[in-house]
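Undergrad: compute the structure for the input listed below.
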Amino acid sequence: MSHEGIRFVTKEELEREQQEDRELPLDARQPVKVHVHKSEGTGLEIDWKDGHHSVWSFAWLRYACPCATCDAEREQSGRPIGEPPPKEQTLLPMYQPPPRPNSVSPVGNYALTFAWNDGHKSGIYSWDFLRRHCQCDECKTS
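TA: Have a look, this model is predicted:
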């Protein structure tokens, strides 16, 4: 008996997928104010039209990159979104600077894209993606 095409998921994965499939209200996906703390190297803040406030660190954003390559790597390794990949175990670990954008650009009226200091620049962070992955305590527990 072939199980090709069948994917087994945990209860948590199923709940997360159902959460991601639901439609967010328009006010929850429209930023009123976007502040990228590029000079300080700290992260991104968005005030949403519905009154919510979201904050992400640059490290979380880089490791949550929504591009197809990063998404496939996370899925293959089982690494949660926003979590850094495991470091290679070597005798002399190489210094790696923390993730920081070299530049940030708007993509139409629906997203941002970052050119990261590690050379990666293919992720498009839509307002919907960012709101669905808000890192505040309220959103992380719901």
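Undergrad: next, count neighbours for residue 27.
TA: 12 (other CB atoms under 10 Å). C-beta: built from backbone N, CA, C; applies to glycine.
Undergrad: report pLDDT for it.
TA: Note for residue 27: predicted pLDDT of 89.
Undergrad: what sits closest to residue 117 if chain neighbours are left out?
TA: By the measure of CB to CB, 6 or more residues apart in numbering, the closest residue to residue 117 outside its immediate chain neighbours is residue 100, 4.8 Å from it.
Undergrad: quick one, strands of this structure?
TA: Ranges of strands in the chain, per DSSP state E, are 31-36, 43-48, 53-57, 101-107, 111-116, 124-126.
Undergrad: residue 139: which of the ones you listed is closest?
TA: Residue 139 lies closest to strand 53-57 among these, at 7.6 Å (CB to CB).
Undergrad: list the neighbouring strands of that closest one plus their orientation.
TA: Its sheet considered, strand 53-57 pairs with strand 43-48 (antiparallel) by DSSP bridges.
Undergrad: buried stuff in the partner strand?
TA: Buried residues in strand 43-48, defined by neighbour count with 16 or more other CB atoms under 10 Å: 43-44, 46, 48.
Undergrad: so what's the residue lying closest to residue 101 once chain neighbours are set aside bridging to?
TA: Distances taken as CB to CB, 6+ apart put residue 114 closest to residue 101, at 4.2 Å, once the chain neighbours are dropped. With DSSP bridges as the criterion, residue 114 is bridged to residue 104.
Undergrad: understood, closing this out.
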